[in-house]
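1. Here is my input; please provide its structure:
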Amino acid sequence: MADPAPPPVTDLATVFPDLERIRRRALAGDLGGAVDDIALVGDRRSPDQGVAWDVLARSEGLDEVVAARLAEDPHDHAARTLAAHRLLLATEEAVGQPGSELTADRFAEVHERLRRAEQVLLRLCAEDPGDPQPWVLRLWSAALLGLPAGEVRRRHARLAALEPGHTEGRRLLVRALAPPPGGSWDASLAAAREASSAAPAGGVEATVLAAAHLARWRLEGSGRERGYLKDAGVLTELEDVADRFRALPCPSHFAWVRPHTELAVLFGVAGRPDRARAHFRALGDLVDGPTWSAAGHHSDALATLRASALAEGAGR
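-> Next comes the predicted model:
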């Protein structure tokens, strides 16, 4: 048995200098400069930009910087965008794991946050119709609110009109079309299959379908048992996605971390250890934090798989 591996690194800014620079600039009070730096990370549809926004929004101490900037200028576009992002993050944390029930007080708190975020995002979309980021956040908000499929598709269409093929937008479309509380797995998986099949080999876009299967397993897995992941059709799709993702070197600088983590978790839980190890080797010291935490009681077994994979050597 392999010796235990060090705990995985989940803060990508400690590994990638571009992300560390964006965070450092924002926490020094230059939110506009930090957003300008995000714009230098690929084009606006790039999955790397989505990662950069998320890493920045999760930065400890950002709330104080945003509040100070809004006290100086209540109309600051970057500060309001990050404030809305922070509200959605707080909502997701309050909601907890898929399928968990909320008390009446927690439900009211969640919807108040979402109402505030929606108000901010509506104004941002109206003030700068060419900025895709508020529409990305409105898709996320649609998923958290469980809005009808028609409204979800309308929001995605507005984003696609600005940036066709926006990677994070496609992921959020798939998520927002799924239950609960609205949506259906048929619609969500159909959108995921369409996005994955149209994506180039080696790109993270090809892994949208894996994210959809992970979400369904998290919701439907009784006690997070293998359940759903025993289905031969699901496993075939996951293997096809993984093969296409690994067929060519991934062009993204850091967006590859999440799909490799998703596939490592899915294959590890599904009883495909050799495939799981391949993705753990690609990750090295890294994992995507939210995906890793989705493993539930499989965490110890996955940590053992990860340790054995790292003992064999790394290589993306």
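2. From here on, just use CA atoms for contacts and neighbour counts.
-> Will do.
3. which helices and strands sit right next to the helix or strand of the chain with the lowest mean pLDDT?
-> One helix or strand of the chain scores below all others by mean pLDDT, DSSP states H and E: helix 104-127, with a mean of 91. Contact here means 3 or more C-alpha pairs under 8 Å, 6 or more residues apart in numbering; DSSP states H and E; on that basis helix 104-127 packs against helix 77-95, helix 133-145.
4. Now render these as a markdown table, adding mean pLDDT and mean neighbour count.
-> Rendered in a markdown table, the data for those read as follows (pLDDT from 0 to 100; neighbours: other C-alpha atoms under 10 Å):
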| stretch | mean pLDDT | mean neighbour count |
| --- | --- | --- |
| helix 77-95 | 93 | 20 |
| helix 133-145 | 96 | 24 |
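5. These: which one's closest to Val269?
-> helix 77-95 (23.9 Å; C-alpha to C-alpha).
6. between the helices and strands packed on helix 104-127, which one is nearest to Gly233?
-> Shortest distance between Gly233 and the helices and strands packed on helix 104-127, using C-alpha to C-alpha, is found for helix 133-145: 26.1 Å.
7. Starting from that closest one, tell me the next helix or strand along the chain.
-> Next helix or strand after helix 133-145 toward the C-terminus (DSSP states H and E): helix 149-162.
8. what residue ranges in the stretch 101-250 of the chain score low on pLDDT?
-> Within the stretch 101-250 of the chain, the set of residues satisfying pLDDT under 70 comprises 101-102, 221-225.
9. what about 80?
-> Low-confidence regions of the stretch 101-250 of the chain, defined here as pLDDT under 80, cover residues 101-107, 180-182, 221-226.
10. could I get the helices and strands packed on helix 104-127 as CSV with distance to Glu163?
-> Formatted as CSV, the entries for the helices and strands packed on helix 104-127 read as follows, by distance: least, C-alpha to C-alpha, whole Å:
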stretch, distance to Glu163
helix 77-95, 18
helix 133-145, 10
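11. gap between the nearest residue to Val41 once chain neighbours are set aside and Thr14?
-> Residue nearest to Val41 in three dimensions, not counting chain neighbours: Gln49, with 5.8 Å by C-alpha to C-alpha, 6 or more residues apart in numbering. Using C-alpha to C-alpha, to the nearest Å, one gets 17 Å for the distance from Gln49 to Thr14.
12. ok, which stretches of the stretch 151-300 of the chain are helices?
-> 167-176, 185-198, 208-220, 232-245, 257-270, 273-283, 289-293, 299-312 (DSSP state H, counting those that start in this stretch).
13. Just send those back as a markdown table, with distance to Arg106 and mean neighbour count too.
-> What follows is the helices of the stretch 151-300 of the chain, written out as a markdown table (distance: least, C-alpha to C-alpha, whole Å; neighbours: other C-alpha atoms under 10 Å):
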| stretch | distance to Arg106 | mean neighbour count |
| --- | --- | --- |
| helix 167-176 | 21 | 26 |
| helix 185-198 | 26 | 18 |
| helix 208-220 | 20 | 22 |
| helix 232-245 | 35 | 17 |
| helix 257-270 | 29 | 25 |
| helix 273-283 | 36 | 23 |
| helix 289-293 | 21 | 16 |
| helix 299-312 | 28 | 19 |
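14. Put together JSON lines for these, with distance to Leu89 on each row.
-> Rendered in JSON lines, the data for the helices of the stretch 151-300 of the chain read as follows (distance: least, C-alpha to C-alpha, whole Å):
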{"stretch": "helix 167-176", "distance to Leu89": "14"}
{"stretch": "helix 185-198", "distance to Leu89": "22"}
{"stretch": "helix 208-220", "distance to Leu89": "17"}
{"stretch": "helix 232-245", "distance to Leu89": "28"}
{"stretch": "helix 257-270", "distance to Leu89": "17"}
{"stretch": "helix 273-283", "distance to Leu89": "25"}
{"stretch": "helix 289-293", "distance to Leu89": "12"}
{"stretch": "helix 299-312", "distance to Leu89": "23"}
